[in-house]
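Q: Here is a sequence together with a model predicted from it:
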Amino acid sequence: QVQLVESGGGLVQAGGSLRLSCAASGSIFRVNGWGWHRQAPGKQREFIARVTSDGATDYADALKGRFTISRDNARNTVALQMNSLKPEDTAVYYCNARVVRTGNIYDANYWGQGTQVTVSS
């Protein structure tokens, strides 16, 4: 089994910053890629950012410049640094990882349970 656990969410004032973390554990051979998504009340889950196994990153156009994704291969973790937060950034934030389990060849996608981020005006 593979588990993803997010942390770092909470309440912050507009203009503030938060750093989310996500750790993968279990029978992991390799994490090929990570991503962050979010879902606001009444809205669909939306893509924020992804980072590949070789460190290449990709961001949603609307969030470029404010959000930064980074990974730590040795610790099987990914982080999302969020700056200049706005009330519209309020959402549940989810990480996902494409994991090759020990003994397997192909990767599979796993999701964390989410962490709430609330930005007050």
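A: Received the coordinates, thanks. The model shown is predicted, which means the values in this text are computed figures rather than measured ones.
Q: where in the chain is pLDDT low?
A: Nowhere does the chain drop to pLDDT under 70.
Q: Okay, strands next: where are they in it?
A: Applying DSSP state E to the chain gives strands spanning 2-7, 10-13, 18-26, 28-39, 46-52, 57-59, 67-72, 77-82, 91-101, 107-111, 115-120.
Q: Any chance of these in a markdown table with mean neighbour count as columns?
A: Placement of C-beta: from N, CA and C, glycine included. Formatted as a markdown table, the strands of the chain follow (neighbours: other C-beta atoms under 10 Å):
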| stretch | mean neighbour count |
| --- | --- |
| strand 2-7 | 17 |
| strand 10-13 | 12 |
| strand 18-26 | 18 |
| strand 28-39 | 19 |
| strand 46-52 | 18 |
| strand 57-59 | 15 |
| strand 67-72 | 18 |
| strand 77-82 | 22 |
| strand 91-101 | 21 |
| strand 107-111 | 15 |
| strand 115-120 | 17 |
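Q: what about residue 43, distance to residue 18?
A: Residue 43 sits 19 Å away from residue 18 when distances are taken as C-beta to C-beta, to the nearest Å.
Q: Then residue 27?
A: Distance, residue 27 to residue 18, using C-beta to C-beta: 31 Å.
Q: do the same with residue 35
A: Here residue 35 is placed at a distance of 18 Å from residue 18 (C-beta to C-beta).
Q: for residue 65, same thing?
A: Where residue 18 is concerned, residue 65 sits at a distance of 16 Å (C-beta to C-beta).
Q: need the contact list for residue 55.
A: residue 71 (C-beta atoms under 8 Å, 6 or more residues apart in numbering).
Q: and what of the one 5 residues further on?
A: Taking C-beta under 8 Å, 6+ apart, we find residue 60 in contact with 46, 47, 48, 49.
Q: Beta-bridge partners for the first one, please?
A: With DSSP bridges as the criterion, residue 46 is bridged to residue 38.
Q: Next one: it relative to residue 92, how far apart?
A: Relative to residue 92, residue 46 is positioned 11 Å away (C-beta to C-beta).
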